[in-house]
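[1] I need the structure of the sequence given here:
(one chain, ligands or ions: 1)
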Amino acid sequence: MSIRFVIVGGGPGGNTAATVAARLGAEVTLIERDLVGGAAHLWDCIPSKAMIATGGFLSELHRAEVMGVAADGRLDLDALRARISSIETKLHRSVCELLESQGVRMIRGTGRLKGPHEVIAETADGVEEIEADAILLATGSRPRIPEWCEVDGQRVLTTRQAYPPNEIPGHLVVIGSGVTGVEFAHMFRSLGSDVTLIVSRQQVLPAKDPEVAAALEAEFLRRGVRLYKGARASGIEIDGEALRVQCDDGRVATGTHAVLAIGSIPNSDGLGLDAAGVTVDPGGYVPVGHHLQSNVGHIYAAGDLSGKLPLSSVASMQGRKIAEHVMGLHTRQHRHLDYEKAASAIFTEPEIADVGLAEAEAFAEGRKLRVTKVPFSANAKALIEGDSRGFVKIISDPATGVVLGGSIVGRGAAELISVIALAVTTNLKVADLVDSVLVHPALSESLADAAE
Ligand SMILES: Cc1cc2nc3c(=O)[nH]c(=O)nc-3n(C[C@H](O)[C@H](O)[C@H](O)COP(=O)(O)OP(=O)(O)OC[C@H]3O[C@@H](n4cnc5c(N)ncnc54)[C@H](O)[C@@H]3O)c2cc1C
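    Modelled structure (predicted):
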């Protein structure tokens, strides 16, 4: 008899696990209360990147003169909304088709555990109890709303209410300067809003390489984004057209709208975790071990619920690993997921991407490193494209030459980082990058130059 695998949540964690497990022969049931594809498709990755792409296109139009072209860009908000919705529909359809082709049973409803081997699905037609040999909880997370803030969905927004936008804010105050905050600051600035960014520390992107953060800050300042550094928002007041964000140091940021980008909380409430004996940590995450099992061996957690790196790409990879583990393909050590080697990108202008060891962190630990950096201003393709901002930095082991990490700031960073990610994952040496005959002229030539 095949393994009965029940999955609650159809985001990247849940739907990847469903496809892979079904392909490997499991009898899979996927319970999703909203749309398969998850928050990643509906509210997070996809709509934000679609808006950033439109903003990027507008920036390109503003650069038209540099390229020797006369152009006049006007934003059509209805067309933008239709574009986002059409991308989401296409992606939703393709995920559903993939799941159907693998024979996954999809239930539109809310799932919860009734016991260690029983899952309840509440649907519009009633309640169904499903027996399971293995269970995956992949219910994601939702935006964190602090107690001092009343979100009205009109002027004070969470990231999920900011698209498709009803209007482009005259002046947006972005609260929070992590990855989501800086992407929102960039997105709305490129769509024409004035932007003030509340930065609780002394640099945006506090977890990133200071040189990378400094490059983004310089570009924000050049584009007229106001940075309130060292300030924590502590209250919001609306007075007619004006909206004021009070900060704990006494400063007040005035705008027309505010968006909260201060992190998320896991969707673990109402999941029946007690009924199955699954432990949650004080933050509401389900702690998982090496194979992404909770304290109850056959109950797994993936994605944002697992409290690991909150990325769609990581959730998908976790889903794949869980499916393989459920189906008994877990003996090969090298198949473990190494979060330290996950590439990530920030879709700002300039684009930012990094992978592996961070320079500042490694120096703080006293590790010996070789750090090489080349600017895109020396790259022919960057000059041809009229945008030579940014750099490539490669971090390697001085004794062995093994590539340990890298950062890229500039055009195409999210794509280019794949090469360094592959090097980091497979222990390639800088000499391997130098020895590759690359395309000319291409931005990727800077990777080989940085590896020299
Ligand atoms: C603004 C923003 C932009 C982002 N951009 C990127 C990006 O560019 N790249 C990237 O890699 N990551 C990005 N992320 C992070 C990414 O969106 C998340 O890490 C990812 O969605 C997590 O996947 P998941 O499978 O855990 O959950 P989700 O995608 O949140 O899916 C969970 C699903 O579970 C369903 N669900 C919840 N509870 C139940 C229940 N009881 N019963 C049935 N169904 C349930 C929900 O309806 C949802 O569909 C972004 C996040 C934000 C906030």
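[2] Enumerate the residues of the stretch 51-200 of the chain near the ligand.
    The stretch 51-200 of the chain comes close to the ligand at residues 110-112, 138-140, 159, 180, as judged by C-beta under 6 Å from any ligand atom. All C-beta spots, glycine's among them, are computed from the backbone N, C-alpha and C.
[3] Just the buried ones out of those, please.
    Buried subset of these (neighbour count, 16 or more other C-beta atoms under 10 Å): 110-112, 138-140, 159, 180.
[4] quick one: which two of the residues you listed are the most distant?
    Greatest spatial distance among these (C-beta to C-beta): 112 and 180, at 28.5 Å.
[5] I'd assumed residue 272 was in contact with residue 114.
    Yes. Counting by C-beta atoms under 8 Å, residue 272 is a contact partner of residue 114 at 6.2 Å.
[6] When the two are compared, which one has more neighbours?
    residue 272 (17 against 14; other C-beta atoms under 10 Å).
[7] distance of that one from the ligand?
    Distance check for residue 272 against the ligand: by C-beta to the nearest ligand atom, to the nearest Å, it reads 9 Å.
[8] list the buried ones in the least confident helix or strand in the chain by mean pLDDT?
    The least trusted helix or strand in the chain, going by mean pLDDT, DSSP states H and E, turns out to be helix 359-364, with a mean of 80. Judged by neighbour count using 16+ other C-beta under 10 Å, the buried positions of helix 359-364 are 359, 362.
[9] And the longest helix along the chain, what does it pack against?
    In the chain, taking DSSP state H as the definition, the longest helix is helix 77-101. In terms of contacts (3 or more C-beta pairs under 8 Å, 6 or more residues apart in numbering; DSSP states H and E), helix 77-101 is packed against helix 12-23, helix 38-42, helix 45-62, strand 105-108.
[10] what helices or strands is the first one leaning on?
    Yep, that's helix 12-23 we're talking about. strand 4-8, strand 27-32, helix 38-42, helix 77-101, strand 134-137, helix 312-326.
[11] how about the ones you listed in TSV, adding mean pLDDT?
    Below are the helices and strands packed on helix 12-23 laid out as TSV (pLDDT from 0 to 100):
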stretch	mean pLDDT
strand 4-8	98
strand 27-32	98
helix 38-42	84
helix 77-101	94
strand 134-137	98
helix 312-326	96
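[12] residues near the closest residue to residue 71 other than its chain neighbours, how many?
    Using C-beta to C-beta, 6 or more residues apart in numbering and skipping residues adjacent in sequence, the residue nearest residue 71 is residue 64, 3.9 Å away. Burial of residue 64 is recorded as 14 neighbouring residues (other C-beta under 10 Å).
[13] how much space between residue 64 and residue 191?
    From residue 64 across to residue 191, the span is 17 Å (C-beta to C-beta, to the nearest Å).
[14] Over to residue 104?
    38 Å.
[15] what about the two, which has more around it?
    The neighbour count for residue 104 versus residue 191, taken as other C-beta under 10 Å, is higher for residue 104 (25 against 21).
[16] Just the pLDDT at the more buried one, thanks.
    Residue 104 carries a pLDDT value of 98.
[17] mind listing the helices for the stretch 201-350 of the chain?
    Counting by DSSP state H, counting those that start in this stretch, one finds helices in the stretch 201-350 of the chain at the ranges 210-222, 273-276, 312-326.
[18] before we move on, the earlier item: so what sits against both of residue 114 and residue 272?
    Both residue 114 and residue 272 are contacted by residue 120, under the criterion C-beta atoms under 8 Å, 6 or more residues apart in numbering.
[19] Could you verify that residue 373 is part of a strand?
    Yes. Assessed with DSSP: H, G, I helix; E, B strand; the rest coil, residue 373 lies in a strand.
[20] Next up, the contacts around it.
    Counted by C-beta under 8 Å, 6+ apart, residue 373 has contacts 391-394, 450.
[21] So which of those belong to strands?
    Among the contacts of residue 373, the members found in strands (DSSP state E) are 391-394.
[22] nearest spatial neighbour of residue 356, skipping sequence neighbours?
    residue 405 is the one closest to residue 356 (C-beta to C-beta, 6+ apart), at 2.9 Å.
[23] Export only the CA atoms of the host helix or strand of that neighbour, formatted as PDB.
    Element membership for residue 405, per DSSP states H and E: strand 403-409. This file holds the C-alpha atoms of strand 403-409, laid out as PDB (Å, rounded to 0.1, in the frame of the first residue of the first chain):
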ATOM      1  CA  VAL A 403      34.700  29.700  -3.300                       C
ATOM      2  CA  LEU A 404      33.000  30.400   0.000                       C
ATOM      3  CA  GLY A 405      30.600  33.200  -0.900                       C
ATOM      4  CA  GLY A 406      29.900  36.300  -2.900                       C
ATOM      5  CA  SER A 407      27.900  39.400  -3.300                       C
ATOM      6  CA  ILE A 408      26.800  41.200  -6.400                       C
ATOM      7  CA  VAL A 409      25.300  44.700  -6.600                       C
END
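[24] Name the nearest residue to the spatially most central residue of the chain, sequence neighbours excluded.
    Most central in the chain under C-alpha atoms, centre = their mean is residue 311, positioned 4.3 Å from the mean C-alpha point. Spatial nearest neighbour of residue 311, excluding adjacent residues (C-beta to C-beta, 6+ apart): residue 344 at 6.0 Å.
[25] beta partners of the one you found?
    Following DSSP bridges, residue 344 is listed with bridge partners residue 354.
[26] OK, contacts around it?
    Residues in contact with residue 344 (C-beta under 8 Å, 6+ apart) are 179, 309, 311, 313, 353-355.
[27] Type out the PyMOL command that picks the buried ones from these.
    Provided next is the PyMOL selection string for whichever of the contacts of residue 344 are buried by 16+ other C-beta under 10 Å:
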select buried, resi 179+309+311+353+354+355
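[28] which one of the contacts of residue 344 sits closest to residue 363?
    residue 354 (15.5 Å).
[29] Any regions of the chain where pLDDT drops low?
    Regions of the chain meeting the criterion pLDDT under 70 cover residues 331-335.
[30] Let me see the domain layout of it.
    As assigned by automatic domain parsing, the chain contains the domains 4-143+265-331, 156-262, 350-451.
[31] Contacts only, for the residue of the stretch 51-200 of the chain found nearest the ligand.
    Closest to the ligand within the stretch 51-200 of the chain is residue 140: 2.1 Å, counting by C-beta to the nearest ligand atom. Applying C-beta under 8 Å, 6+ apart, we find residue 140 in contact with 9, 11, 13, 38-39, 266-267, 303-305.
[32] Go back to those residues and keep what's next to the ligand.
    Near the ligand, by the rule C-beta under 6 Å from any ligand atom, you find 9, 11, 13, 38-39, 267, 303-305 out of those.
[33] rewinding a little: among the helices of the stretch 201-350 of the chain, which is the most enclosed?
    Of all the helices of the stretch 201-350 of the chain, helix 312-326 carries the top mean neighbour count, a mean of 23, counting by mean count of other C-beta atoms under 10 Å.
[34] contacts for it?
    3, 5, 11-21, 24, 26, 40, 44-45, 134, 136, 138, 291-293, 300, 302-304, 306, 308, 330, 335-337, 339, 342-344.
[35] Tell me the buried residues within these.
    Counted by 16+ other C-beta under 10 Å, these give 3, 5, 11-21, 24, 26, 40, 44-45, 134, 136, 138, 292-293, 300, 302-304, 306, 308, 337, 342-344 as buried.
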